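Generate coordinates for the sequence data below:
(one chain, ligands or ions: 1)
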Amino acid sequence: MSTPDTAETEVPYGIPLERDHPFDPPAAVMALHRGSEMRRMRYHPEGRLGWLVTSHRLARKVLADTRFSSTLGSPAQVPTPMPGLEDYLDFEGDFPLTPGMFIEMDPPDHTRLRRRLTGVFTVKRMKQLEPRIAEHVQTRLDALAAGPRPADLVADFAVPVPSMMICELLGVPYDQRERFEADSRAIFTMDETGEGKQAAVVNLFGFIGELVAAKRANPTDDLLSDLAADPELADEEVAGMATLLLVAGHETTAKMLALGTMALLENRDQWELLRARPELMAGGVEELLRYLTIIHTGLIRQVKEDIEFEGHLIRAREYVTVSVQTANRDEAHFIEPDKLDVTGDAKGHLTFGHGVHQCLGQQLARMEMRIAFAGLIERFPDLKLAVPAAEVPLVTGQSFYGVAELPVTWLGGAMV
Ligand code: HEM
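This next block holds a predicted model:
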């Protein structure tokens, strides 16, 4: 077994986030990937060595290997800057787990909670939801068509569609979205302190907790009522599971819808292809997921005891970041990975992760994206950016990459 003999000063710090091109991973990350498929990385400028895995082959291997735990010790152990990090530098213990947040758990706790929800997110169940998603999309398209030009596709379309849908599925009143949208964003924002994130989680728990109590008293036909009635789940577990679904269920898809639209507008031939051949949409969505990889800070794991992996010794408590964006651009797995090609084969992309934590909501996300992109293309065939692409504000300071606003306009009347 060996650990790389790179001098410590040469070990890069964190995942580079700044981009030269809105759709390509930062050049500095791609350079790390070309250098080696697995390397040491600093998790803090002052030290704290961990690992970075960049190839598709090793990304899959790590995510499928249960020796890599999803229970992370301290909030300081992130490969990206976070204010207040210094407060945690000497922290050696494990932070308590948030009840119900099974994304941070390992089997068997993870299995017990995830299993409770798998039936809700199957392809079949999502098929049944299709008409409701289509209705929500139509409502937003109508509002866009009736509203002023230019419109902001983020606020007017990309955020409301998944937000309305997850609210409906859970049974959270959509008109109370101010109570969760800002807090969800705080959880994923790097400028937010550890305390700020914790406060946002507490707020969300309070909000959902109230709803759980109300649903138990007066059950309705939704997932929250269903979970609240389950005698095997503690109240705080129900609140944690619902909070996880709420935050995971809208910000991600919203980022994909806006950035995906921009990518299609900037690759007009691809937009036109999807317009001419709607049957390409399912593959086109997979290709957009691969090409754009909004999970730009990667997926983080921790090993709990010394392990040997690919000839390296990974020490107990060391962190490993799986860089999904480089894995999705890996030439060893994808043909012409730097090209957006809606007719291409994006099979095996890792944008929904891999292994036991693979995205639970992926069928819902896929269905929303297919219907939303198709609706947009059909209704506004000549949609275009209302500002030069270089002026579209990018969001690099959150766990999910995307655009903050997407000013769009169109020429004639929208198709009815
Ligand atoms: C997990 C991405 C949409 C619910 C994950 C993971 C990724 C991911 C990469 C794995 C995390 C890890 O391994 O640590 C995405 C992307 C989405 C999306 C790119 C949209 C484009 C959704 C939606 C929902 C959802 C719509 C819910 C309705 C979840 C949940 C988990 C998860 C509950 C945790 C699964 C587990 O730990 O077993 N997602 N997601 N996601 N996602 Fe998604």
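
what sits against residue 172?
166, 180, 208, 211, 224, 242, 246 (CB atoms under 8 Å, 6 or more residues apart in numbering). C-beta: built from backbone N, CA, C; applies to glycine.

in stretch 11-25, what's buried?
11, 12, 13, 14, 15, 16, 17, 19, 22, 23, 25 (16 or more other CB atoms under 10 Å).

what about that stretch, how long is it end to end?
End-to-end distance of stretch 11-25: 20 Å, with CA to CA, to the nearest Å as the criterion.

Could you check how far it is from the centre of its chain?
17 Å (CA atoms, centre = their mean, to the nearest Å).

Next: stretch 132-145.
For stretch 132-145, the distance to the chain centre is 23 Å (CA atoms, centre = their mean).

Could you list the buried residues of that stretch?
For stretch 132-145, by 16+ other CB under 10 Å, it's 133, 136, 137, 140, 141, 144, 145.

which residues in this structure form helices?
Counting by DSSP state H, the chain has helices at residues 27-35, 56-64, 109-118, 123-146, 153, 160-170, 178-188, 194-217, 223-228, 235-266, 268-276, 281-292, 324-327, 362-379.

Show me what from this protein comes close to the ligand.
By CB under 6 Å from any ligand atom, the residues of the chain that approach the ligand are 70, 102-103, 114, 166, 244-245, 248-249, 252-253, 256, 294-295, 299, 351-353, 357, 359-361, 364-365.

which other residues reach stretch 402-410?
22, 149-155, 158, 254-256, 258-259, 261-262, 265, 294, 380, 382-387, 392-395.

what's the answer for stretch 339-354, then?
Contacts for stretch 339-354 (CB under 8 Å, 6+ apart): 23, 56, 59-60, 63-64, 263, 267, 270, 273-274, 280, 283-284, 286-291, 293-295, 299, 322, 324, 327-328, 333-336, 358-359, 362, 365.

Sort out which of these are buried, if you could.
Here, 16+ other CB under 10 Å leaves 23, 56, 59-60, 63, 263, 267, 270, 273-274, 280, 283-284, 286-291, 293-295, 299, 322, 324, 327-328, 333-334, 359, 362, 365 buried among the contacts of stretch 339-354.

Tell me the residue of the stretch 51-200 of the chain that sits nearest the ligand?
Residue nearest to the ligand within the stretch 51-200 of the chain (CB to the nearest ligand atom): residue 103, separated by 3.7 Å.

give the contact list for that residue.
With CB under 8 Å, 6+ apart, residue 103 has these contacts: 70, 244, 248, 357.

State the pair within the residues you listed that is farthest apart.
Between any two of the contacts of residue 103, the greatest separation by CB to CB is 13.7 Å, found for 70 and 248.

the more surrounded of the two?
For residue 70 versus residue 248, neighbours defined as other CB atoms under 10 Å are more numerous around residue 70 (21 against 18).

mind checking the backbone torsions on that one?
When read as degrees, to the nearest 10, the backbone of residue 70 gives phi -90, psi 0.

For the ligand, what is the nearest residue in this structure?
Taking CB to the nearest ligand atom, the chain has residue 361 as its residue nearest the ligand, at 2.1 Å.

Isn't that residue up against residue 121?
Yes. Contact criterion CB atoms under 8 Å: residue 361 and residue 121 qualify, at 5.9 Å.

Now do the same contact list for the residue nearest the centre of the chain.
Nearest to the geometric centre of the chain sits residue 252, at 4.3 Å (CA atoms, centre = their mean). Applying CB under 8 Å, 6+ apart, we find residue 252 in contact with 162, 294, 365, 400.

7 Å instead, please
294, 365, 400 (CB atoms under 7 Å, 6 or more residues apart in numbering).

what's the answer for residue 251, then?
Counted by CB under 7 Å, 6+ apart, residue 251 has contacts 184, 185, 188, 400.

The same query, at a cut-off of 8 Å, please.
184, 185, 188, 398, 400.

Contacts only, for the first one.
When contacts are counted by CB under 8 Å, 6+ apart, residue 184 touches 200, 204, 246, 247, 250, 251.

low pLDDT regions in the chain?
1-9, 46-47, 73-96, 191, 413-416 (pLDDT under 70).

ok, now with 80
1-11, 13, 43-48, 73-97, 185-198, 412-416 (pLDDT under 80).

how about the closest residue to residue 412 other than its chain neighbours, phi and psi?
Sequence neighbours aside, residue 382 is the residue nearest to residue 412 in space, at 7.0 Å (criterion: CB to CB, 6 or more residues apart in numbering). Dihedral pair for residue 382: phi -100, psi 30, per degrees, to the nearest 10.

State whether residue 382 and residue 272 are indeed in contact, as I suppose.
No. Counting by CB under 8 Å, residue 382 does not reach residue 272; the two are 10.6 Å apart.

Could you name every residue contacting both of these two?
Counting by CB under 8 Å, 6+ apart, nothing touches both residue 382 and residue 272.

so residue 320 bridges to which residues?
When assigned by DSSP bridges, residue 320 has beta-bridge partners residue 51, residue 301.

got a list of what it touches?
With contact set as CB under 8 Å, 6+ apart, residue 320 has these partners: 50, 51, 52, 53, 62, 68, 300, 301, 302, 303, 314.

Now do the buried residues in stretch 403-416.
So stretch 403-416, judged by 16+ other CB under 10 Å, has buried residues 403, 405, 406, 407, 408, 410, 414.

I appreciate the help and will end here.
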